[in-house]
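Colleague: this one's structure only:
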């Protein structure tokens with residue numbers, strides 16, 4: 001798959017589409033699952049702020065970015081935003097509808113939450 005994307009969006013798309021990226025990007029993005037087509041879903045470790053984190057995945061010719069907020073103590077997970085970017089990095093859709101989603105340990109958001117909660121040293125994680 002070929003992408004004409006620059007900057008961070010391009011690095012994410014390349015990493016997710018074929019698993020190859022420079023070592024710095026490979027350490028930044030941790031694969032936490034796969035979508036129905038087998039494409040990787042990755043946690044962006046550089047953008048973790050407290051218990052807020054972002055997951056990225058392939059969406060058509062571009063990528064999606066989903067922002068979550070975890071309540072580690074209560075094992076609750078909240079979706080804050082979904083953004084979809086085109087292959088040239090332009091924002092196509094921005095859904096800022098917030099709401100709680102079920103915490104499922106084996107899901108991509110659940111695995112991301114586990115990493116985030118461990119990183120902050122939350123009890124029981």
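Modeller: Arrived safely. Quick caveat, the model's predicted, so the values are computed rather than measured. Residues are numbered from 1 along each chain as shown.

Colleague: switch to C-alpha atoms for all contacts and neighbour counts from now on
Modeller: OK.

Colleague: next one: the closest residue to residue 125 other than its chain neighbours from residue 55, what distance?
Modeller: Computed as CA to CA, 6 or more residues apart in numbering, the closest residue to residue 125 that is not its neighbour in sequence is residue 118, at 5.4 Å. As defined by CA to CA, to the nearest Å, residue 118 lies at a distance of 17 Å from residue 55.

Colleague: who has more neighbours, those two?
Modeller: residue 55 (24 against 14; other CA atoms under 10 Å).

Colleague: wait, doesn't that one sit right on residue 44?
Modeller: Yes - using CA atoms under 8 Å, residue 55 is in contact with residue 44, at 6.2 Å.

Colleague: let me see the contact set for residue 34.
Modeller: 40-41, 108 (CA atoms under 8 Å, 6 or more residues apart in numbering).

Colleague: name the strands paired with the strand or helix carrying residue 81 and say parallel or antiparallel.
Modeller: If you go by DSSP states H and E, residue 81 is part of strand 76-85. Counting by DSSP bridges, the strands paired with strand 76-85 are strand 62-71 (antiparallel), strand 91-95 (antiparallel), strand 99-101 (antiparallel).

Colleague: just give me how far that strand sits from the chain centre.
Modeller: Centroid displacement of strand 76-85 relative to its chain, using CA atoms, centre = their mean, to the nearest Å, is 9 Å.

Colleague: what lies in contact with it?
Modeller: Here strand 76-85 has contacts from 59, 62-71, 91-103, 113, using CA under 8 Å, 6+ apart.

Colleague: try it again with 7 Å
Modeller: Residues outside strand 76-85 that contact it (CA atoms under 7 Å, 6 or more residues apart in numbering) are 62-71, 91-103.
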